[in-house]
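*Asks:* Only the shape, not the letters, is given here:
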């Protein structure tokens, strides 16, 4: 046996050969997509810079990001889906992904607050969404300038920027959904691409189950790109893969014995029934007195350009074959606002990428001769620049230059410096993780809405020493019915510190040691 025939030598030679082939393939891919890379890199840099500058101080801190970060912390450090009883209010893949990123990068220890780590996660999600949106536009036959304009519309819109900076599950759903559509329109039409599309859509649903509302649009996109030669294989394998991944959520509930409703226990079906049937409705967009109508009014006050442009482009999108699934996806998200059920205020995030895509797609689909088409696209580009300069620039300037520390952040520092670690503290969601992880409060603080909703908290609640929540908790019209224990504790407390003013201001209350919460079961 010669030296070159030794198995170890052959393995090394094969490894070098595979690496050479990989390098050559990567170089060929870069040459093939050099023009798109040259356009996309600066576009992503601009979108990322505008998103990142000022994200630590704008917008204000709200409750949902704190909830998801506390659940991510619990998954990493307590190996549980929540620091409280898991109620199946949302599928857990979103905060599990945040926890995994923290495990890989020491995320909860790299920042002065958990909210700052969440901001990083949202920045990464934004960049991933922007890149995938560009690829999707190219696969829908957009020109490179058109695809870049779509990304800029999506990434620089002030309304999108406000909500995409918050740690919302919807921001993590967006890249999964866009990836699903990108793979559905794969030019290779391979079984692997279709299977990947189905798995990506299942991951979107496992991140937040509301992604399922655009399932018809996704299936339409898949159907448009099927190849007759492997159609049956794609339908069976991709469908089976997506369903099996999505089934992990109900299977987890089965494993825990919490699929069906039962006395004294959380259940997947019970929470679903509450979400779909029993939860207080926000009303229909068509009702001028509804919460939904006022919520959409608030969105339009921040920016009306992109939302209305996308809405106006839906009929055009339905006339163009390749845009029909995207038009259906956007139409469904608008119909959610009309149907009359509960609509969360971050629902606007589900409208933004499709609005940008259709607004540009309507211009891209103009059937004109080359010279008029170039003229029309030039006018559209000038209009986009005008919109950004005249309408968006003042809002973006304000969002990237706010320097005032959030009142809740200032309150956290005060509590850490002035409150003994063994006190029972009722807190806003957004500061819970900092007080537990960074400052070591034990017993763990109680998130305010858990006071009257988690039976385990009520059974073990013997005293309350401090209250640290924003002023609006006490001033909302339904405060007495929604937060009865908080309101009663405040009657027996004195303010010992104040931060900020108005609804977002925070007063730290010290509760009388002679008052005890009423026991409940």
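*Replies:* Perfect, thanks for sending it. Remember, it's a predicted structure, so these values are computed and weren't measured experimentally.
*Asks:* Now do residue 223: how many residues are near it, please.
*Replies:* 12 (other C-beta atoms under 10 Å). Every C-beta, even on glycine, is put in place using the N, C-alpha and C of the backbone.
*Asks:* With residue 483 instead?
*Replies:* 22.
*Asks:* Looks like it contacts residue 447 (just checking).
*Replies:* No - with contact defined as C-beta atoms under 8 Å, residue 483 does not reach residue 447; the gap is 11.5 Å.
*Asks:* ok, the residue nearest to the spatial centre of the chain - contacts?
*Replies:* Geometric centre of the chain, nearest residue: residue 171, 2.1 Å, by C-alpha atoms, centre = their mean. Taking C-beta atoms under 8 Å, 6 or more residues apart in numbering, we find residue 171 in contact with 122, 125-126, 129, 163-164, 349.
*Asks:* Now it: which helix or strand?
*Replies:* Using DSSP states H and E, residue 171 sits within helix 169-184.
*Asks:* ok so, going back, any idea of the pLDDT on the residue nearest to the centre of the chain?
*Replies:* At residue 171, the model reports a pLDDT of 98.
*Asks:* Tell me how far whichever helix or strand residue 41 is part of lies from the chain's centre.
*Replies:* Assigned by DSSP H and E, residue 41 falls within helix 34-52. Relative to the centre of its chain, helix 34-52 is centred 21 Å away, using C-alpha atoms, centre = their mean, to the nearest Å.
*Asks:* May I see the buried residues of it?
*Replies:* 39-40, 43-44, 47-48, 50-52 (16 or more other C-beta atoms under 10 Å).
*Asks:* May I have the distance across stretch 263-272, first residue to last?
*Replies:* 16 Å (C-alpha to C-alpha, to the nearest Å).
*Asks:* List the contacts of it.
*Replies:* 85-89, 249-250, 253, 257-261, 455.
*Asks:* Phi, psi for the residue lying closest to residue 414 once chain neighbours are set aside please.
*Replies:* Spatial nearest neighbour of residue 414, excluding adjacent residues (C-beta to C-beta, 6 or more residues apart in numbering): residue 497 at 5.1 Å. Phi and psi for residue 497, reported as degrees, to the nearest 10, are phi -160, psi 150.
*Asks:* Residue 53 now?
*Replies:* Per degrees, to the nearest 10, the backbone of residue 53 is at phi -70, psi 110.
*Asks:* ditto for residue 493
*Replies:* Main-chain torsions, residue 493, degrees, to the nearest 10: phi -130, psi 160.
*Asks:* From the chain's centroid, how far away is stretch 191-200?
*Replies:* 22 Å.
*Asks:* What of stretch 437-450?
*Replies:* In terms of C-alpha atoms, centre = their mean, the centre of stretch 437-450 is set 24 Å apart from its chain centre.
*Asks:* what does stretch 76-85 give?
*Replies:* 20 Å.
*Asks:* go on, stretch 449-464?
*Replies:* For stretch 449-464, the distance to the chain centre is 29 Å (C-alpha atoms, centre = their mean).
*Asks:* what do you get for stretch 215-222?
*Replies:* 21 Å.
*Asks:* try stretch 120-135
*Replies:* The mean C-alpha position of stretch 120-135 is separated from the chain mean by 11 Å, C-alpha atoms, centre = their mean.
*Asks:* Cheers, nothing more for now.
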